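*Asks:* Fold the stuff below for me.
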Amino acid sequence: MAEADETSPESLTLWRCIGCGAMGNAGECVAACAFKRALVVDAASHADLLEYFVNLHEYNEALRGFAGDVVAETATPAGFERGLADLRLRAKNLLAQAPRENAPQAVPEDERAEIWLCAACGMVEAPRDCLGIYVRRTGD
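*Replies:* The predicted structure is shown next:
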């Protein structure tokens with residue numbers, strides 16, 4: 001969810017009308033409403049992007065560690081000669097571990113939904129102009 005704060009849940013289960021695209025959840029506000037705008041995407045797209053980000057972060061940390069080792073090993077001419085073969089092998093292995101899969105594409109804007117989330121009770125509203133078709137399916 002974009003523009004969320006510490007009071008926003010990480011995941012929401014919402015109904016979505018296949019006719020007009022309106023979304024929401026059951027529940028009535030129990031206090032003074034405190035609605036905030038948020039953008040949501042489906043759970044599967046979010047999970048794919050998050051997993052790819054975590055993999056890139058882990059690979060970046062491995063590269064950072066290797067770069068530190070290169071600096072340490074090559075600080076002296078003797079260390080350079082001694083460690084060059086090992087560094088080449090480690091570099092080759094590290095490059096083989098690079099994430100090769102294509103990055104998941106950012107969720108297209110037409111698949112993102114603007115919702116209004118109440119910080120007081122968690123109620124969600126995302127009204128649309130109704131087409132008179134009331135088929136609501138629930139999803140994360």
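*Asks:* What segments of this protein are strands?
*Replies:* 14-17, 23-24, 35-40, 113-118, 124-126, 136-139 (DSSP state E).
*Asks:* And the residue nearest the centre of the protein?
*Replies:* Residue closest to the mean C-alpha point of the chain, counted by Cα atoms, centre = their mean, is Leu50 at 3.8 Å.
*Asks:* related to what we said a few turns ago, may I see the strands of the chain organised as a markdown table, with mean neighbour count, distance to Glu81 and mean pLDDT added?
*Replies:* C-beta: built from backbone N, CA, C; applies to glycine. Formatted as a markdown table, the strands of the chain follow (neighbours: other Cβ atoms under 10 Å; distance: least, Cβ to Cβ, whole Å; pLDDT from 0 to 100):
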| stretch | mean neighbour count | distance to Glu81 | mean pLDDT |
| --- | --- | --- | --- |
| strand 14-17 | 18 | 63 | 75 |
| strand 23-24 | 20 | 65 | 77 |
| strand 35-40 | 16 | 55 | 78 |
| strand 113-118 | 19 | 60 | 76 |
| strand 124-126 | 19 | 64 | 74 |
| strand 136-139 | 11 | 60 | 65 |
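*Asks:* which residues does the residue of the chain most remote from its centre contact?
*Replies:* Ranking residues of the chain by C-alpha distance from their mean position (Cα atoms, centre = their mean) puts Ala78 at the top, at 45.6 Å. Listed by Cβ atoms under 8 Å, 6 or more residues apart in numbering, Ala78 has no contact partners.
*Asks:* Next one, pLDDT for it please.
*Replies:* You'll see Ala78 listed with a pLDDT of 70.
*Asks:* May I see the buried residues of the longest helix seen in the chain?
*Replies:* Looking across the chain with DSSP state H, the single longest helix is helix 43-73. For helix 43-73, burial by neighbour count (16 or more other Cβ atoms under 10 Å) applies to Ser45, His46, Leu49, Val70, Glu73.
*Asks:* Which residue, other than its chain neighbours, is closest to the fourth one?
*Replies:* Closest residue to Val70 in three dimensions, ignoring its sequence neighbours and counting by Cβ to Cβ, 6 or more residues apart in numbering: Leu87, at 6.0 Å.
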